[in-house]
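Visitor: Model the following, please.
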Amino acid sequence: MTPTVLVTGGSGFVGTWVLRELLARQATPVVVDLQPGGARWQRVLGEAAAQVRYENASLLDPAQLQEVIERHQVTHLIHLAALLTPACQQDPWLGCQVNVLGSTAVFEAARRSGRIKAIAYASSYAVYGPESGEANRPPSFYGAFKQSVDLIAEQYWRHGNIASLAIRPHVVYGPERDQGLTAGPSLAARAAALGQSWAIDYTGGASYDYVEDVAAAFVRAAFECPPGARPADLPGHWAEPEDFVRLIDEVIPGAAARLTVSGAAIPANLPPNPQYLTELFPDWRPTPLAEGVRRTIAFYRA
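Guide: All right, here's what the predicted structure looks like:
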C-alpha cells in the first residue's frame, strides 16, 4: 500500500524538501498550507510537483483539517506549520494560536482518524536557553510554544496512543533558505553562485543542519517512529558565519571578497542533556558542512 503523508506547512523551505524526500520514496504527499509552493516547488521538485496534492486549509479549523485527512485517507503525518520567532515575539497571541492550538488540532485529528498512529513534528533548539544545567529555559515565546507542544505530544501518547518524534534542528541552511536572520549563510552562497555580494548580519556560533538532512529526518521519523513521545536533537555541525565564507571561497575562489560578516552574536541554545537522533538511528550521518555548502552553490548555479 502506498503511504499517503499529510505535510502541514509543506509550501515552506523545509516542507518543500520534505516533499522531495517523500516523492523519492514513492509516497503520496498531501500538503495543508495557506498557499501552494509555486515557484519553489518547481525549482526543487521539478515536474514531480504535479504529484503533490495541495489543500488550502487552516490548522485553526479542526473540522476542515479532519475532512482533508479522511478524504485523502492519510496514513502518516509530518507537522511543520508554525510561526517563527520574530512573528511570535511581535504577536504572542497569534503565535500561540498557530503553534500551540494548531498543533493540538493536528494531534487530535490524528487520534480521531484511527489510521494515523505516529506524528513527526518540528520542535526546535529554541526550547533550550543559554544556561547550562537543568535550569535551562526557552528564551523566547517561540521556544515556549514549541516546549508546550512537546508536553502536549506526551499527553497524546499517554491518553491517545499516538506516538511522536519531535525533530529539533538548530539552524537549517541550504538551497531555498531565504527568510530569517540566520538565512545569511544560505543567501551568501546564493549570492556567490550568481557573482553578487552579500552581508551576513550576525556573528557567533551555532549548530548548522543541512536542509536535505532535516527533510530526511522528518520522513524517517514519520515512517519509523518508535513508541512514546520523544525528542530528537539533530547532530549538526558547529560553525560561525566566517566558516561559511571560507567554505564558499573554496568552491568559488575570490568570492570571500564580496561577502562580509558583522552584527550581534546570535543567542546560544545549549541542550543540557542532548537526545540525538543517532540514539534512535545509529546509521545517521549528517552531511559535512563543506559538502552542504557545495550542494547549495551547485543548486543556484543550475
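Visitor: C-alpha only now, for contacts and for neighbours.
Guide: OK.
Visitor: what ranges do the strands span in the chain?
Guide: For the chain, the strands defined by DSSP state E occupy 4-8, 28-33, 53-56, 76-79, 118-122, 163-168, 171-173, 198-200, 206-210, 229-233, 237-239, 259-261.
Visitor: so can I have a markdown table of those strands showing mean pLDDT, mean neighbour count and distance to residue 281?
Guide: Shown next, in a markdown table, are the strands of the chain (pLDDT from 0 to 100; neighbours: other C-alpha atoms under 10 Å; distance: least, C-alpha to C-alpha, whole Å):
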| stretch | mean pLDDT | mean neighbour count | distance to residue 281 |
| --- | --- | --- | --- |
| strand 4-8 | 98 | 25 | 21 |
| strand 28-33 | 98 | 24 | 24 |
| strand 53-56 | 98 | 16 | 30 |
| strand 76-79 | 98 | 26 | 18 |
| strand 118-122 | 98 | 26 | 15 |
| strand 163-168 | 98 | 26 | 12 |
| strand 171-173 | 97 | 22 | 20 |
| strand 198-200 | 98 | 19 | 34 |
| strand 206-210 | 96 | 23 | 16 |
| strand 229-233 | 97 | 21 | 10 |
| strand 237-239 | 96 | 15 | 18 |
| strand 259-261 | 98 | 18 | 36 |
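Visitor: Tabulate those (a markdown table), appending distance to residue 137.
Guide: As requested, the strands of the chain are exported to a markdown table (distance: least, C-alpha to C-alpha, whole Å):
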| stretch | distance to residue 137 |
| --- | --- |
| strand 4-8 | 27 |
| strand 28-33 | 30 |
| strand 53-56 | 35 |
| strand 76-79 | 24 |
| strand 118-122 | 18 |
| strand 163-168 | 15 |
| strand 171-173 | 18 |
| strand 198-200 | 28 |
| strand 206-210 | 17 |
| strand 229-233 | 16 |
| strand 237-239 | 21 |
| strand 259-261 | 29 |
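Visitor: which stretch among the ones you listed comes nearest residue 152?
Guide: strand 229-233 (9.4 Å; C-alpha to C-alpha).
Visitor: Now that closest one - C-alpha only, CSV.
Guide: Extracted C-alpha coordinates of strand 229-233, given in CSV (Å, rounded to 0.1, in the frame of the first residue of the first chain):
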residue,chain,number,x,y,z
ALA,A,229,6.7,10.8,22.7
ARG,A,230,10.3,11.5,22.2
PRO,A,231,12.5,14.5,21.1
ALA,A,232,15.4,14.0,18.7
ASP,A,233,18.1,16.7,18.6
